[in-house]
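> Build me a model from this:
(one chain, ligands or ions: 1)
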Amino acid sequence: MSLTSRTLMEMYEAMRERFGHQGWWPGDGKLEVCVGAILTQNTNWRNVERAIANLRDGGLMSVSALHAAEPERLAKLICPAGYFRVKAKRLKNFIAHVLDSFGDDIDGFLDRPVSTLREELLSVSGIGPETADSIILYAAGKCTFVVDTYTCRVMMRHGLVGPEDGYEQVKELFESSLPEDPELWNDFHAQFVAVGKHYCRPKPKCDGCPLEPFDHDTGDEEDCW
Ligand code: SF4
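Take a look at the predicted model:
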């Protein structure tokens, strides 16, 4: 096991010991997880839950129903998630892509090799790497590491990545260092979100943080992407 692998696993154990297993992703069924991953951009999960509840109550939680929905109605229902017109368009783009090749069969769409799925998701207008990887890891249950601002910030402050590293480099570091286990990768990302929310904010609160015993430097740093 390399030094980076050992360090990452020790960091994971420290976070898990503090926060417990996070049991992500919230969402009832694979389509809801996909919808949640698209709606959660730039908002908090409580708002996404309200938007998802509206879609469910409106009878829209199927690929064909979302596809058939009037854009105005869709935008109104997802309004709690913010940026609702943009997000309605992204959701429509994603749904059109699924419907085109798999109809209502979201399982069939997701049950493909990671590289194929990722390439297709990234080809959908409005779906970036973090959303694509969230769908693959949390809806499809397949190994791809999700990187977000929390992850990047912790990794930079602990000297494991540099400001020149982009999304793909950080993702590659995890994927080449961790055992290929979707359960582990699922909870690892969730632990970074927990540490980011409670301690590793733009102004860090290292005192009492579960990662405090690991080498870190919160001095001069560039912010994450
Ligand atoms: S708050 Fe401090 S100790 Fe905790 S993860 Fe951030 S830099 Fe590390």
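> quick one: contacts for the spatially most central residue of the chain?
The centroid of the chain falls nearest to residue 134 when counting by CA atoms, centre = their mean (3.7 Å). Residues in contact with residue 134, defined by CB atoms under 8 Å, 6 or more residues apart in numbering, are 25, 37, 40, 146. From N, CA and C alone the C-beta is placed, and that goes for glycine too.
> What distance do you get for it to the ligand?
22 Å (CB to the nearest ligand atom, to the nearest Å).
> ok, that residue to residue 63 distance?
18 Å (CB to CB, to the nearest Å).
> Then residue 183?
Taking CB to CB, one finds residue 183 at 27 Å from residue 63.
> So between these two, which is more surrounded?
Between residue 183 and residue 63, residue 63 has the larger neighbour count (other CB atoms under 10 Å), namely 20 against 10.
> That one and residue 98 touch, don't they?
Yes. Applying CB atoms under 8 Å, one finds residue 63 in contact with residue 98, separated by 5.4 Å.
> okay, and the common contacts of those two?
Counting by CB under 8 Å, 6+ apart, the residues touching both residue 63 and residue 98 are residue 106.
> Which other helices and strands does the helix ranked longest in the chain contact?
Scanning the chain for the longest helix, with DSSP state H as the assignment, gives helix 84-102. Judged by 3 or more CB pairs under 8 Å, 6 or more residues apart in numbering; DSSP states H and E, the packing partners of helix 84-102 are helix 30-39, helix 63-68, helix 71-77, helix 106-110, helix 114-123.
> Quick check: which of these is nearest to residue 142?
helix 114-123 (5.0 Å; CB to CB).
> how close does the residue nearest to the centre of the chain get to residue 199?
Taking CB to CB, one finds residue 134 at 22 Å from residue 199.
> same question, residue 6
22 Å.
> Same drill for the two, tell me which one is more crowded.
residue 199 (19 against 11).
> can you pull the contacts of that one?
Residue 199 neighbours (CB under 8 Å, 6+ apart): 205-206, 208-211.
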